[in-house]
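# Give the three-dimensional model of this entry:
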Amino acid sequence: LIAANNQRGRCRRTSWSVVRLDRLEMASPSLLFIIVGKNEPLYEAEFNKAPGSVTADSVTRQNYFVLHSALDLVEKAAWTTNNMYLKVVDKVNHQQVSTFLTAGNIKFMLLHSGKSEDGIKNFFTDVYELYVKLSMNPFYKYDTPITSKAFDIRARSIARRYLA
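You can find the predicted model right below:
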């Protein structure tokens, strides 16, 4: 991951794309939560979105890009601590990426604009408990996308409890 500054704004560059990040300040106040397995996202949810509001496609893509680019930093931070909760691993303008890493190397990542650290830690802990219960289900195959409506409803309930 190479970070570079140019005359028009801050850019983050990877081998496959360049995206301007200077406009993330105007991004929506919603929270983006993803669970990333070994090779692909397993679950994605957007919280605190106002009912009936539509997030611009470019803002949504930028949010996913920020989370994707933070994966390298998660791998680096995982070697520096024994804790599962890695706290904030990346900051882009007014947004932060907090991460929780399970023993099976499943990453829980939350893009937010400075929520309380205790609330985020409690959110990750409760979602991790929910994920463990799901993974013990004999009908769920480990490291596959989570399609359970019950998981989604409970994850959103946990987000309302701790991140509202």
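# What ranges in the protein fall below the confidence cut-off?
Where the chain drops to pLDDT under 70, the residues are 1-29, 49-55.
# residue boundaries of the strands in it?
In the chain, strands defined by DSSP state E lie at 2-5, 10-13, 18-20, 31-36, 41-47, 85-92, 95-101, 107-112, listed in chain order.
# Next, format those strands as TSV and append mean neighbour count and distance to residue 153.
Using the backbone N, CA and C atoms, a C-beta is placed for each residue, glycine as well. Conversion of those to TSV gives the following (neighbours: other CB atoms under 10 Å; distance: least, CB to CB, whole Å):
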stretch	mean neighbour count	distance to residue 153
strand 2-5	9	38
strand 10-13	15	34
strand 18-20	14	33
strand 31-36	22	14
strand 41-47	18	11
strand 85-92	18	24
strand 95-101	23	20
strand 107-112	24	17
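# Residue 121 is nearest to which of the ones you listed?
Of all these, the one in closest proximity to residue 121, counting by CB to CB, is strand 85-92 (5.3 Å).
# before we move on, the earlier item: can the strands of the chain go into JSON lines with extra columns for distance to residue 74?
As requested, the strands of the chain are arranged in JSON lines below (distance: least, CB to CB, whole Å):
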{"stretch": "strand 2-5", "distance to residue 74": "16"}
{"stretch": "strand 10-13", "distance to residue 74": "15"}
{"stretch": "strand 18-20", "distance to residue 74": "19"}
{"stretch": "strand 31-36", "distance to residue 74": "9"}
{"stretch": "strand 41-47", "distance to residue 74": "13"}
{"stretch": "strand 85-92", "distance to residue 74": "5"}
{"stretch": "strand 95-101", "distance to residue 74": "5"}
{"stretch": "strand 107-112", "distance to residue 74": "6"}
